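Novice: Everything below, folded, please.
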Amino acid sequence: MIVSLKKVAKRYTRGKETVEVLHSLDLGIEQGDFVALMGPSGSGKTTLLNLIGGLDRPSEGEVVVAGEHIDRLSGAALARWRARNVGFVFQFYNLMPMLSAQGNVELPLLLTKLSAAQRRKNAQTALTVVGLADRARHKPSELSGGQQQRVAIARALVADPTLLVCDEPTGDLDRKTADEILGLLQTLNRDYGKTIVMVTHDPKAAEFAKRQLHMDKGTLVPGNMP
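Specialist: Numbers count the residues shown, from 1 in each chain. From the prediction side, this is the model:
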């Protein structure tokens, strides 16, 4: 298992009230899987994705990803672990407007010890994988929404992460462009062996995944248990 969650709960405190978003949740995801997490707003999908990606910590339970008990890591160690193991793709592309596509893709590599030449080469490779080698010098304002999301995916890929976590990656795109992006994710999963966990509200988007898991009120719906 590349992802293993056992008896995971997540609680938030709002004033004097404590709200439990995830309830004693178990989940296993094997290497090379492509999972779509579905469910109504407030069901806990994004909270679960954030725990898997190391952006948040459980209130209780065990989170093991890529062989590491990430629930036990210090803040600095967790940041280093994320940089090595997880590529993030969000609904909004979060590209730096003053940088070219190449510069945006290189950003995660600035935290590594790679030389400038190697960073450049790795970014060019990632842009080639997503079909944008000929747009490397274009700034985000010169790219379509679909192209900007491809740049964001290249940025997520550039450090060769173990896992891609995607939060509504096509939520801001039209149907045709969304299907192109989802087809790209399928290719990354099938041809490059990337494990992908994707939150989506869109049933058509979920069809691109190998399997679908449905959440409701902080738990996995029976019949969709791993």
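Novice: Mind listing residues that contact the longest helix along the chain?
Specialist: Identified as the longest helix of the chain according to DSSP state H is helix 175-192. With CB atoms under 8 Å, 6 or more residues apart in numbering as the test, helix 175-192 has contacts from 32, 34, 129-131, 144-146, 149-150, 153, 157, 164, 166, 169-170, 173, 194-196, 198, 202, 204-205, 208, 210. (Glycine included, C-beta is placed from N, CA and C.)
Novice: Buried only: go through the residues you listed for me.
Specialist: Buried members of those, scored by 16 or more other CB atoms under 10 Å, are 34, 129-130, 145-146, 149-150, 153, 157, 164, 166, 169-170, 173, 194-196, 198, 202, 205, 208.
Novice: tell me, how many neighbours does the closest residue in space to residue 68 that isn't next to it in sequence end up with?
Specialist: Distance criterion CB to CB, 6 or more residues apart in numbering; nearest residue to residue 68, sequence neighbours excluded, is residue 81 at 6.0 Å. As a burial measure, residue 81 scores 16 neighbours (other CB atoms under 10 Å).
Novice: Could you check how far the most centrally placed residue in the chain is from residue 190?
Specialist: Geometric centre of the chain, nearest residue: residue 165, 1.6 Å, by CA atoms, centre = their mean. According to CB to CB, to the nearest Å, residue 165 and residue 190 sit 18 Å apart.
Novice: can you tell me the helix or strand for residue 82?
Specialist: According to DSSP states H and E, residue 82 maps onto helix 75-85.
Novice: mind exporting that helix as PDB, just the C-alpha atoms?
Specialist: Taking Å, rounded to 0.1, in the frame of the first residue of the first chain, the C-alpha atoms of helix 75-85 are listed here in PDB:
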ATOM      1  CA  GLY A  75       6.800  20.400  10.700                       C
ATOM      2  CA  ALA A  76      10.200  20.700   9.000                       C
ATOM      3  CA  ALA A  77      10.500  17.000   8.300                       C
ATOM      4  CA  LEU A  78       7.000  16.900   6.900                       C
ATOM      5  CA  ALA A  79       7.800  19.800   4.500                       C
ATOM      6  CA  ARG A  80      10.800  17.900   3.300                       C
ATOM      7  CA  TRP A  81       8.800  14.800   2.900                       C
ATOM      8  CA  ARG A  82       6.100  16.600   0.800                       C
ATOM      9  CA  ALA A  83       8.700  18.100  -1.500                       C
ATOM     10  CA  ARG A  84      10.100  14.600  -2.200                       C
ATOM     11  CA  ASN A  85       6.900  12.600  -2.400                       C
END
